[in-house]
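Peer 1: Have a look; sequence and predicted model below, questions after that.
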Amino acid sequence: MLKLTLDETAKQRARAAAASIAGAFGWLFEGYSSLTIERTVLRLMGIDGALKDGKPLPNVVVDHLRVAQALDKGAAIPVANAMLAKSLSAQSVAEAVAKGDLDLAKQPQAPPDEIFRVLEGLADSMLCHIAKQRATRENMFITYGPRRVPAIYVIVATGNIYEDALQAKAAASEGADIIAVIRSTAQSLLDYVPFGATTVGFGGTYATQENFRIMRAALDEVSEKEQRYISLTNYASGLCMPEIAAMGAIERLDLMLNDAMYGILFRDINPQRTLLDQYFSRMINAFAGIEIQTGEDNYLTTSDAVEKAYTVTASQLLNEQFALLSGVKPEKMGLGHAHEIDPELENSFSFELAHALLTRELFPQAPVKYMPPTKFASGNVFKTHLMDAMFNLIGQLTGQGVQLLGMMTEAIHTPHLADRSLAIENAQYVFKAVKDLGSSLSLAPDSFVNQRANQVLGEAAEFLEGVAAEGLFPAMARGEFADIKRPETGGKGLDGVFRKHENYFNPFLNKMTKELGL
Amino acid sequence: MSKKTMIRPYGDTSGDGKIQLSFSLPVPPDAFGKEAARLLLKSIGFEEIEICGVRDLREGYTHFIAYAVTSAFVDPANIKVKVVETPVMDMEATDAYIRENIGREVTVVGACIESDAHTVGIDAIMNMKGYNHRYGLERYQWFNAINLGAQVPSEELLRRARAENADVILVSQVVTQKNIHIKNLTRLIELAEAEQLRDKMLFICGGPRISHELAIELGYDAGFGTGTYSTDVASFIAITLAGRKIDKQINR
């Protein structure tokens, strides 16, 4: 059995430091809310749709409350109050606000217990729908059998959801287990979620609730045909993390990219805003049974993959601890890492093997997400295809949870239909060829691979202990993560964070916290 | 010019004209589909067409791999390319060159503009660490390198370049779907012209689908494609700016 002998003390030290870092944010999670969290509440109350200029109704209502300085108790109470005052549904209240017919701050005050009764009803009905979607997914896996390990994960990114659906069905028929719809490149910085089906995007397709629905329907169709449940994933990241998580929960997405710190480091979104938003978005994912995935691959595309290998381990441990705080179970934590070492480096494969095994063994229950070579993928598609085969070899040998297939045209364009097909063929060949090889091999404790894994673990433990002593925000401000300096009050979206009133009320947060046993 | 010096594809015999092809068609993976692939290649002008690979892509599409012979050739006399012609110096040589020929720090403001979120290119050229053993501009003594990162609006890049009194604007474009890179690069140049900044600094663009020729066509001073290192860009900047300075002195 291919297995590392890891230094248990270093493991415990690293984990304890990560837990202490994540545990220091109770003040933020308990004391603050954000615009996107309030918009999420409205979406979960059933408010949807957009104005002619594209502004979504949840944004209209939250902005209205903000201008009226009536947001600090949360968006739920004033909307429920108006529903009672006008005998309207939540959606009709939002539409009346959009028309300028209704001022939420100037409605007669209904008795609090009536307001809570209305919200109780809305919350129960939506959470019941989400629980039903979770049960549907679980039943499909029981009927069709579990996902293969590693699962074959491919992306579609045409910009047109209908074209995406066709390509996704083709990929699923060829053996893909998970389809990711890459988002249009600028979406992470939009402080709203676009509405409706979309056919134009750049480097990807907008994440909208309607696009989710179209793709889920296409994959349900192909799941039945193939007698294999095909999972769908998207990105709950950027300035609308919890809204996208909610849309995914409603439309039965199965996985979500949902990193605790990615937005801060790689999108320059404010640290407070990001941590706050990830807390609620991950809670929604946890409740919906959605597997979260994290973006540690980004550390290696911006820094050297050998020198900075420990930053991946450190981030994985932090992502794990933040996820636990939101109620995500270890078997739903798709922690990330990547095969990004310079192929010119001697023994690059041995380094990759050590890093991949380390991730696998530090998180034995996690469906770890393994990312392919991208930094050293070139216009030489033949060489890239070969690098992808080496990556697939490690994926099967070490039992990674999700293999995000590399494309031979990675450095050239978003994948063509045939590129994706060749990538699946590559993975299926390698996976089959070395299916049980890992159980025939073992590593000597003094082997290079074992020593290297322990070295990375030791560096991660030391790094995390340093961050724990200093605090996460000061460490980020000094550029300790990914060589990028992110001050606590810098970045986008801080003005969308506000302190909660003592009577703040978010029915979904309360109910999910209880259901998840937090 | 005799036909012998013409350029033709080479498989395993001089002038055999063999080409390897790979493409997909909306046809089934059967005799009908294969014939469609053959006829397509024939209509392009290929001969001796051999469809050697047929792969079912599902949903009504098929992938073909083929070898075929072309009688087409290229007359070397007709080849005209625009390439960056300045010699490439290493970091120390470029620093020394700037010190001697310009005599002050050169300010470069770089960014991935508009919707583009992929900083891998601009980082490889500008960041301290650089790429593949070539340090980025930040490491050079005689460059003041300011990397604004991803998704920077063109307006913001120009504003910053003006504020820093920049000598050079460096733009990276990685995403090229639906030719978005052309639109973004064109927009930047148009704004620069409107703000009368175009002639005040060097405009350089780079990315996997960018060539020097394309860059010139779009109104830039230079373009750098795949395989470019910081040394290529740094040398070009140093030599071009030194040349311009001399031109200006002569004009006076």
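Peer 2: Great, that's in hand.
Peer 1: packing partners for the lengthiest strand in chain B?
Peer 2: Using DSSP state E to define each element, chain B has its longest strand at strand B:47-58. Strand B:47-58 sits against helix A:161-174, helix A:417-433, helix B:31-44, strand B:61-69, with contacts defined as 3 or more C-beta pairs under 8 Å, 6 or more residues apart in numbering or on different chains; DSSP states H and E. C-beta coordinates here come from the backbone N, C-alpha and C atoms, glycine included.
Peer 1: try 6 Å this time
Peer 2: In terms of contacts (3 or more C-beta pairs under 6 Å, 6 or more residues apart in numbering or on different chains; DSSP states H and E), strand B:47-58 is packed against helix A:161-174, helix B:31-44, strand B:61-69.
Peer 1: Show me which positions of it end up buried.
Peer 2: B:49, B:51, B:54, B:55, B:56, B:57, B:58 (16 or more other C-beta atoms under 10 Å in any protein chain shown).
Peer 1: rewinding a little: give me whichever of the helices and strands packed on strand B:47-58 is most buried.
Peer 2: Of the helices and strands packed on strand B:47-58, the one with the most neighbours on average (mean count of other C-beta atoms under 10 Å in any protein chain shown) is helix A:161-174, at a mean of 23.
Peer 1: For that one, give the mean pLDDT please.
Peer 2: Taken as a whole, helix A:161-174 has an average pLDDT of 97.
Peer 1: What's the local residue count around residue 74?
Peer 2: Looking at chain A here, since you left the chain open. Other residues within reach of residue A:74, judged by other C-beta atoms under 10 Å in any protein chain shown, total 23.
Peer 1: Hmm, no, I was thinking of chain B.
Peer 2: Counted with other C-beta under 10 Å, residue B:74 comes out at 11.
Peer 1: Give the bridge partners for it, please.
Peer 2: Listed by DSSP bridges, the beta-bridge partners for residue B:74 are residue B:7.
Peer 1: same check, this time on residue B:19
Peer 2: Residues in a beta bridge with residue B:19, per DSSP bridges, are residue B:68.
Peer 1: give the contact list for it.
Peer 2: Counting by C-beta atoms under 6 Å, 6 or more residues apart in numbering or on different chains, residue B:19 touches B:9, B:68, B:70.
Peer 1: Pick out whichever of the residues you listed sits closest to residue A:124.
Peer 2: Among these, residue B:68 lies closest to residue A:124 (C-beta to C-beta), at 65.9 Å.
Peer 1: Residues of chain A that sit close to chain B?
Peer 2: Residues of chain A found near chain B (C-beta under 6 Å from any C-beta of the partner chain) are A:166, A:169-170, A:173-174, A:185-186, A:189, A:202-203, A:379, A:417-418, A:421.
Peer 1: how does it look with 7 Å?
Peer 2: Counting by C-beta under 7 Å from any C-beta of the partner chain, chain A comes close to chain B at A:159, A:166, A:169-170, A:173-174, A:185-186, A:189, A:202-203, A:268, A:301-302, A:375, A:379, A:411-412, A:414, A:417-418, A:421.
Peer 1: Residue A:344: what secondary structure?
Peer 2: coil (DSSP: H, G, I helix; E, B strand; the rest coil).
Peer 1: Could you identify the buried members of the residues of chain A next to chain B?
Peer 2: A:159, A:166, A:169-170, A:173-174, A:185-186, A:189, A:202-203, A:268, A:301-302, A:375, A:411-412, A:414, A:417-418, A:421.
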